[in-house]
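K.L.:
sequence plus the predicted model coming up.
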Amino acid sequence: MRWLYLLLVFFFSCKSLTEAEKLHQQLAGRWLILYPDHKLTDNWQKVVYSKMQDSIVGLTGLKLVTLSDNGSFQQIDSIKSKGKWGITIDNIVFIEDGGKGFEHFSASFTGYKKGVLQLTEFVDVKGEKIKLIWNLKKITGGSASDLFSEKNNTWRKRSPVPESEKQLRERLSSMLGYYADYYELVTDESSFFVPTRVILPFRFYQHAIGMKDFDEESFFASLFFDKKQAKDAHRYLSLTIKKLRNDFPTRDNYVKEYAAFMEKAAEEIVKE
């Protein structure tokens, strides 16, 4: 594999190994992918990029990822896909087999300041090389770090056996609590949010959250033992959202309101 070859390259250069080790230690950790700054050279690149910008941001923007010290890579919302990451002797950060959006990723290390990492990637589109500077925020300590813990992500693992109503409600409560904390992080670090980062069947409105219809093909449904259990979970969630619809919190921005509402729903859904 490419990543293994590149790792071997700097194992045979003592000076480069030292530099690579320092950068590797700096980059190892937990990250929130913030946004890509685009550097466009002419009007044609503006046209090309305008057609792909939403898909790029939707694919990787505001994802939580872990660059482990042992060289493993993990997207938190894709626990089944574990890849590898590393750094070449010329400071190219690469990710291989890291799941959707990170199957074959490589970008130049541009800088690291005040907890924000910058990686420069060139994307080939219609014969154009679009320059993107990715900004990633390092997450250290506090409740945001809990978003990466195995304990707080056990709800992502499909149950191998049918669950009781109490267990289903507890799983939903864990999901709601997780996304409440995630949105608190997002509102502190970003000027936008990506609704698809939340796998709960929600519709986001101004000062309100509603429910989507049940979709047995959705990722939400795949978390449960079978279609019946997924339908039951959807119903419990829907009843809770309806119960709280006239008790939507007021905050200084709508993402904080979503976070506060999901936190309230996490408490409410286990009361039934």
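P.N.:
Looks like it came in fine.
K.L.:
show me what the longest helix along the chain is packed against.
P.N.:
Criterion DSSP state H: the longest helix present in the chain is helix 165-189. With contacts taken as 3 or more C-beta pairs under 8 Å, 6 or more residues apart in numbering; DSSP states H and E, helix 165-189 sits against strand 29-39, helix 142-145, helix 227-243, helix 254-268. Where you see a C-beta, it was placed from the backbone N, CA and C, and this is true even at glycine.
K.L.:
how far is the second one from where the chain is centred?
P.N.:
Spelled out, it's helix 142-145. Centroid separation for helix 142-145 versus its chain: 15 Å, with C-alpha atoms, centre = their mean, to the nearest Å.
K.L.:
which parts of that helix are buried?
P.N.:
For helix 142-145, the neighbour count (16 or more other C-beta atoms under 10 Å) marks Ala144 as buried.
K.L.:
contacts for that helix, please.
P.N.:
Arg30, Leu32, Ile139, Asp181, Glu184, Leu185 (C-beta atoms under 8 Å, 6 or more residues apart in numbering).
K.L.:
tell me the pLDDT of the spatially closest residue to the second one that is not a sequence neighbour.
P.N.:
Of all residues beyond its chain neighbours, the one nearest Leu32 is Lys137 (4.7 Å), with distances taken as C-beta to C-beta, 6 or more residues apart in numbering. Among the per-residue scores, Lys137 holds a pLDDT of 95.
K.L.:
with Phe10 instead?
P.N.:
Looking at Phe10, the pLDDT reads 46.
K.L.:
cool, and Ile89?
P.N.:
The model's pLDDT for Ile89 equals 85.
K.L.:
of all the helices and strands packed on helix 165-189, which one is nearest Glu128?
P.N.:
Closest of the helices and strands packed on helix 165-189 to Glu128 is strand 29-39, at 11.6 Å (criterion: C-beta to C-beta).
K.L.:
check which element follows the closest one along the chain.
P.N.:
Proceeding N to C from strand 29-39, the next assigned helix or strand is helix 43-50, under DSSP states H and E.
K.L.:
how far away from the center of its chain is that next one?
P.N.:
For helix 43-50, the distance to the chain centre is 27 Å (C-alpha atoms, centre = their mean).
K.L.:
next SSE after that helix?
P.N.:
helix 53-60.
K.L.:
same for that next one, what does it pack against?
P.N.:
Using 3+ C-beta pairs under 8 Å, 6+ apart: helix 53-60 touches strand 29-39.
K.L.:
what's the average pLDDT for the strand it packs on?
P.N.:
Rounded mean pLDDT across strand 29-39 is 92.
K.L.:
any idea how far that strand is from the chain center?
P.N.:
On C-alpha atoms, centre = their mean, the centre of strand 29-39 falls 11 Å from the chain's centre.
K.L.:
show me what it packs onto, helices and strands only.
P.N.:
Strand 29-39 packs on helix 53-60, strand 64-67, strand 116-125, strand 128-139, helix 165-189, going by 3+ C-beta pairs under 8 Å, 6+ apart.
K.L.:
quick one: low-confidence residue ranges for the protein.
P.N.:
1-18, 272 (pLDDT under 70).
K.L.:
not counting its neighbours along the chain, what's nearest Ile95?
P.N.:
Phe105 (4.2 Å).
K.L.:
the one you found looks like it's in a helix, true?
P.N.:
No: if the criterion is DSSP: H, G, I helix; E, B strand; the rest coil, then Phe105 is strand and not within a helix.
K.L.:
please list all residues in contact with it.
P.N.:
So Phe105 contacts Phe94, Ile95, Glu96, Gly98, Glu121 (C-beta under 8 Å, 6+ apart).
K.L.:
check Val270 too.
P.N.:
Counted by C-beta under 8 Å, 6+ apart, Val270 has contacts Lys166, Arg169, Glu170, Ser173.
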